[in-house]
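Undergrad: Pasted the sequence and its predicted model underneath.
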Amino acid sequence: MKTVLITGANKSIGFETARQLLQKGYYVYLGSRDGQKGQQAVDQLKAEGLNNVEPIIIDVDNLDSIKAARETLGQKTNVLDVLINNAGISGSFPQTALDTDITVFRQVFETNFFGVIETTQAFVDLLRQSAEPRIVNVTSGLGSLTLHSDPTWKYYAVKPTAYVGSKAALNGYTIVLANELRDTPFKVNSVDPGYTATDFNNHSGPGTVPDAAARLVKAATLGPDGPTGQFFSDDNAPDTGISPW
């Protein structure tokens, strides 16, 4: 049975991703920085008959928490097949380039960028034990610098600067990491779940949580001939599914 760790999985897209992977036969370690909320999420899934799941406390803003989660997981399994770096924040709004307080930038980058790096580095040894390791970095269509330079893009006017910068940086990390692991069985990709109605955006997005989660699941379950080092986005590129960086 393949194993997966999903950060920020006690609600919304992360939670639905856990549900869909459980339905596909994966064993899910449901990451949550709040232990009580993580357990409640696990209880809900088990009430649905999805029993191969347990909570892992992990706060990606806290390196000690990440290390503790790695130690905990290492006591449960010697192999991790999939890491989904899902935890993320938007930061306070509005976010302008000249007026946004630097603390907002630091908070957003800490979760969306540095937290992903620290989590990936902490768990890569377990991933290396998998025959088909997969890393999914949950990004945003707003992380595309190419599209932000195109006045005809439908989201051109939407530029929350700290959030945009953090996701663009995350995409850059995905490119470099995928290249570094290019001669291994790893598949490393950025996935834009799309503009989805969640707490993240006050339920303003037109997309559904199940559809968004399905995009993450698709990248998490890529076969050996699947792509690596890509920016998947059905929202930005409905024809090809591959967004420009």
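TA: It's in.
Undergrad: all helices of this structure, in order?
TA: 12-23, 35-47, 63-74, 102-109, 115-127, 145-148, 161-180, 209-220 (DSSP state H).
Undergrad: Tell me which of those helices is the most buried.
TA: Each of those was assessed for mean neighbour count using mean count of other C-beta atoms under 10 Å. The highest is helix 12-23, with a mean of 23. All C-beta atoms are positioned from the backbone trio N, CA, C, and that covers glycine.
Undergrad: Output that one as PDB, nothing but the C-alphas.
TA: Listed in PDB are the C-alpha atoms of helix 12-23, where the atom choice follows Å, rounded to 0.1, in the frame of the first residue of the first chain:
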ATOM      1  CA  SER A  12     -10.700  22.100   2.200                       C
ATOM      2  CA  ILE A  13      -8.700  21.000  -0.800                       C
ATOM      3  CA  GLY A  14      -6.100  19.100   1.400                       C
ATOM      4  CA  PHE A  15      -8.900  17.200   3.100                       C
ATOM      5  CA  GLU A  16     -10.600  16.300  -0.100                       C
ATOM      6  CA  THR A  17      -7.300  15.200  -1.600                       C
ATOM      7  CA  ALA A  18      -6.900  12.900   1.400                       C
ATOM      8  CA  ARG A  19     -10.300  11.500   0.800                       C
ATOM      9  CA  GLN A  20      -9.700  10.800  -2.900                       C
ATOM     10  CA  LEU A  21      -6.300   9.200  -2.300                       C
ATOM     11  CA  LEU A  22      -7.900   7.000   0.400                       C
ATOM     12  CA  GLN A  23     -10.500   5.900  -2.200                       C
END
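Undergrad: Kindly provide the distance from the nearest residue to residue 133 once chain neighbours are set aside to residue 78.
TA: Of all residues not flanking residue 133 in the chain, residue 127 sits nearest, at 4.1 Å (C-beta to C-beta, 6 or more residues apart in numbering). According to C-beta to C-beta, to the nearest Å, residue 127 stands 11 Å off from residue 78.
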